[in-house]
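Engineer: with the input below, show me the fold.
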Amino acid sequence: MQTRWHRQRGQSLLETAMMIVVIFLVSLWIFELGWLAYTYSVLTDAANEGVRHSIVTSGGDRPGTQTIVQDVAGTSLPNTACPPLCTTVTFIPNGNAAPPNTVQVTVTYKYAPVFSNYITAFTMQAEAEGGRVVP
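Structural biologist: This next block holds a predicted model:
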């Protein structure tokens, strides 16, 4: 019995060494996916706030809407200048901000992964749309 235990002494150490790599990689991917979901949530909230601002302001106020979107996104995202975060305000169907028309705010963001050595950067897009009801 003693010789059998003697031969299996390093088995648990080897299994731990092999599994620690897998556990570490899975933990990093979970962290990255959580940060990705959080970033998308921030972009969606910023687009919704942009639509709200554009609806409330008379005349649409495109520059003000873009500023509001950047301010809302800037509370959570590291860089909100135009190359990573760009905002487009469109009035549908004819480009007029009159009450029966709809405003669409599109926010695009070049996502920079936390572990950029292993994941390439990509662009995500969030959209929000809304309009005033004419009485």
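Engineer: excluding chain neighbours, give the residue nearest to Pro83 in space.
Structural biologist: Lys110 (7.0 Å; Cβ to Cβ, 6 or more residues apart in numbering). Yep, even glycine has a C-beta here, placed from its N, CA and C like the rest.
Engineer: all helices of this protein, in order?
Structural biologist: Taking DSSP state H as the criterion, the chain carries its helices at 2-7, 11-56, 62-74.
Engineer: who's the residue nearest to Pro83 bridged to?
Structural biologist: Thr123 (DSSP bridges).
Engineer: neighbours around it, how many?
Structural biologist: If you count neighbours by other Cβ atoms under 10 Å, Lys110 ends up with 13.
Engineer: now Glu32
Structural biologist: 15.
Engineer: residue contacts, the residue nearest to Pro83?
Structural biologist: Contacts for Lys110 were tallied using Cβ atoms under 8 Å, 6 or more residues apart in numbering; they are 83-85, 121-123.
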